[in-house]
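*Asks:* need coordinates for the below:
(2 chains, ligands or ions: 1)
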Amino acid sequence: MQSQTYIYDGTFDGFLTAVFHVFEFKLKTVNIQNECVQQHGLFSENETITTDEKKANRVWVGLKKQLSVRGRFQLYYAFLSEKEGIENVLLDYIRYAFTKTNADKDFAHPSVLKVAQIAKMVGREKHRMEAFVRFKLTQDEIYFANIEPDFNVLPLIEKHFKRRYADQKWMIYDIKRHYGLFYNLDKVEIIEMQFPEHFDFTKTSTDIFAAQEFEFQTLWQDYFKATNIKSRKNMKLHIRHVPKRYWKYLSEKLPS
Amino acid sequence: MSFQRTQEKLKILADAAKYDVSCSSSGSKRANTNKGIGDATGMGICHSYTEDGRCVSLLKILLTNHCIFDCAYCVTRKSNDIKRAAFKVQEVVDLTINFYRRNYIEGLFLSSGIFKNADYTMERLVAVAKKLRTEENFNGYIHLKSIPGASDELMREAGLYADRLSVNIEIPTEQGLKQLAPDKKREDFIKPMVKVKNEIIQYKAEKKIIKSTPKYALGGQSTQMIIGASGENDFQIMQTSNHFYKNYNLKRVYYSGYVPISYDDRLPKIGSEVPMLRENRLYQTDWLMRFYGFDVSEILNEQHQHLDLDVDPKLSWALRNLHEFPIDVNTADKALLARVPGLGMKSVYKILNARRFRRLNWEHLKKIGVALNRAQYFMVCDSNQFERRDLTSEKIKGLILQNSTSKYRNSLSNQLNLFS
Ligand code: SF4
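*Replies:* Just a heads-up that it's a prediction; the model follows:
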């Protein structure tokens, strides 16, 4: 049997639109793919789905009746993992959710479990970014931080930073996904920026950053060293909490 | 702020504060108001971890390490020959704000040596908190140390600005305290604790009637005990802990393995190992007491005065009470499930939900995340494979230990050697 492949634009609304079509045409075997990672199946028929907010909303409203708030969060979190094939797991989850209320609590169902596990990983990454963002003050008074999260968590951390840093301009830039959030003391905007080629994000260049920035980084490094208890040293535990791949953005972990 | 001077002070006063293990920055409900800076409504974040694996969440410093007392277990004690320093109020404010703006910290944890007298010291701690709240519009987390012997008025004021207040009782028994800190009295610790407790009760009562009642220490009170400095056993420690939880409504009791810092012969020698495993077992007991429905006397009592080091306290309890098992995972209530070794509260929650959809078997339990290595001996499920042999406690313990790797294995064998 020929299977159908839906190609969507990578947005959550796009994905939900695809789901809408699956239900509308009562498709049994279907493969939903993000256009950026699209691989053509040899024997499949591809169809590009145009994102339609209304259709997406109808699916979402339907899910609201079936899933708890937590369940819907998990769905969205898992989506942001950008894991290969996640769309199909989510589709299976959604199908199951429309047959049973509170399906999100059925932790013994394979797709529910999988979504819960992936959502947990995404949640952990969100939490890590809330912890590991290190702002540096630029000469034009913007607190700037760059991140490179494993998953696309910028949309998830916006609220946290907005609530916390309401009286300073800040920017958090995802250098892997090439977009960022900028708070201008009024609201948060999504921005794209051009950085010079070979720009080293781990350095604090004097051309860009404020003079006092270096002092505070030094003080922070000193603090970090002073607060350690040598006789309790436990690097294994340390690395479990702060995996090495994050070190290059943490001023306290940089060689001084 | 002169950078060099501040830097020098920071090194000294952070170093002196690091033995206080409390790092919690959660439990407060202080929201950002009027577009100020900071917010302490959330769970509290560890922004980094020290190389010993402890959470770095607050800027934890002493206001000064000058002290008129001479407590044997403390680096700041009068007779210790160390560099002394003192921050100005404004310096602490500036450091806090600038660290906070860079997302290094959740807030400030300010303690102090006692200079001149209790009230003089407490006044300065309160001044820092007040400045942060009223001048800087800072809504991040503030934890102040209550200085033993401070007046009721100051403690009341402290609670208006701080999210949490704590007095460290440090030594679990009065006898130990007499020996190691002869110029300190239990009553002096208790007095500010009682005041804060009463203020919190009053705040909660008034809040129900008048919405605008000023906030008071929303994160509650905590205390800390040093473990292994003065010879108490686990039974005594947990009894003290239980007493403080019950009588002073404490949010947390922290246990801090003694880090040898002195050649005083009343104390463990410099170079002796920090009892980290024991500390961990005490925390586990504390959790069983607070979240798993255990009464402390079930775990530690006249007959069992020491926690096992080789297995966790829940398993140890279960092995002593095999007659309560096995339980049926598909029918047992929440309280019973919580008592099964290898089942954390998260697994309990998942089991309670998942079993509404189907009867659970081993495969399901494994996927849910149950530590079957331990749990299998204590439960039955929807499977006819379960432990049928009539195993003794020793046998079960042996089987479990054989199949587990403990992160404490090295320190375990060292610490066990100490006891043999
Ligand atoms: S009063 Fe506090 S700071 Fe002073 S020596 Fe005793 S424990 Fe240390």
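
*Asks:* can you list the residues of the stretch 51-200 of chain A near chain B?
*Replies:* Counting by C-beta under 8 Å from any C-beta of the partner chain, the stretch 51-200 of chain A comes close to chain B at A:100, A:105-109, A:113, A:127, A:130-137, A:143, A:145, A:160, A:163-168. Placement of C-beta: from N, CA and C, glycine included.

*Asks:* burial count for residue 219?
*Replies:* Chain wasn't specified; assuming chain A. Counted with other C-beta atoms under 10 Å in any protein chain shown, residues neighbouring A:Leu219 total 22.

*Asks:* correction: the question concerned chain B.
*Replies:* Per other C-beta under 10 Å, the neighbour tally for B:Gly219 reads 24.

*Asks:* follow-up on the earlier one: can you select the buried ones from the residues of the stretch 51-200 of chain A next to chain B in PyMOL?
*Replies:* Listed next is the PyMOL selection for buried residues among these, using 16 or more other C-beta atoms under 10 Å in any protein chain shown:
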select buried, chain A and resi 105+106+107+108+109+113+127+130+131+132+133+134+135+136+137+143+145+160+164+165+166+168
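
*Asks:* now, which of the residues of the stretch 51-200 of chain A next to chain B lie within strands?
*Replies:* Applying DSSP state E to those, the entries found in strands are A:Lys136, A:Leu137, A:Tyr143, A:Ala145.

*Asks:* can you redo these as CSV with distance to B:Glu51 and pLDDT?
*Replies:* Formatted as CSV, these follow (distance: C-beta to C-beta, whole Å; pLDDT from 0 to 100):
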residue, distance to B:Glu51, pLDDT
A:Lys136, 24, 94
A:Leu137, 27, 95
A:Tyr143, 27, 96
A:Ala145, 23, 95
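
*Asks:* can you list the residues that contact whichever strand or helix holds A:Leu219?
*Replies:* Per DSSP states H and E: A:Leu219 is located in helix A:211-226. Residues outside helix A:211-226 that contact it (C-beta atoms under 8 Å, 6 or more residues apart in numbering or on different chains) are A:136-137, A:204, A:206, A:251-252, A:254, A:256, B:3, B:6-7, B:10-11, B:14-15, B:18, B:48, B:50, B:56, B:59, B:95, B:98-99, B:102, B:104.

*Asks:* check the residues you listed one by one and keep those near the ligand.
*Replies:* For the ligand, no contacts are drawn from the contacts of helix A:211-226 by C-beta under 6 Å from any ligand atom.

*Asks:* filter those residues down to just the buried residues.
*Replies:* Buried subset of these (neighbour count, 16+ other C-beta under 10 Å): A:136-137, A:204, A:251-252, B:6, B:10-11, B:14-15, B:18, B:48, B:50, B:56, B:59, B:95, B:98-99, B:102, B:104.

*Asks:* which ones among those map onto helices?
*Replies:* Assigned to helices by DSSP state H, the following of the buried ones among the contacts of helix A:211-226 qualify: B:Thr6, B:Leu10, B:Lys11, B:Ala14, B:Asp15, B:Leu95, B:Asn98, B:Phe99.

*Asks:* from the residues you listed, which has minimum pLDDT?
*Replies:* Across these, no position has a lower pLDDT than B:Asp15, which has 90.

*Asks:* burial measure for the residue nearest to it when sequence neighbours are not counted, as a count.
*Replies:* Of all residues not flanking B:Asp15 in the chain, A:Ala226 sits nearest, at 4.4 Å (C-beta to C-beta, 6 or more residues apart in numbering or on different chains). Neighbourhood size, A:Ala226 [other C-beta under 10 Å]: 19.

*Asks:* check which helix or strand the residue of chain A found nearest chain B maps to.
*Replies:* Using C-beta to the nearest C-beta, the closest approach of chain A to chain B is made by A:Leu237 at 3.1 Å. In the assignment (DSSP H and E), A:Leu237 maps to helix A:235-241.

*Asks:* please apply the same query to B:Phe189.
*Replies:* For B:Phe189, the element it lies in under DSSP H and E is helix B:186-209.

*Asks:* same question for B:Lys367.
*Replies:* Per DSSP H and E: helix B:362-368 holds B:Lys367.

*Asks:* so is the first helix or strand past that helix going along the chain next to chain A?
*Replies:* Later in the chain than helix B:362-368, the nearest helix or strand by DSSP H and E is helix B:372-375. No: legend: contact between helix B:372-375 and chain A by C-beta under 8 Å from any C-beta is lacking; minimum distance shown is 14.7 Å.

*Asks:* note down every partner strand of the following helix or strand past helix B:372-375 and its orientation.
*Replies:* Sequence-wise, the next helix or strand downstream of helix B:372-375 (DSSP H and E) is strand B:379-380. Its sheet considered, strand B:379-380 pairs with strand B:327-328 (parallel) by DSSP bridges.

*Asks:* relative to the whole chain's centre, how far out is the strand it pairs with?
*Replies:* Averaging C-alpha positions (C-alpha atoms, centre = their mean, to the nearest Å) puts strand B:327-328 33 Å from its chain's average.
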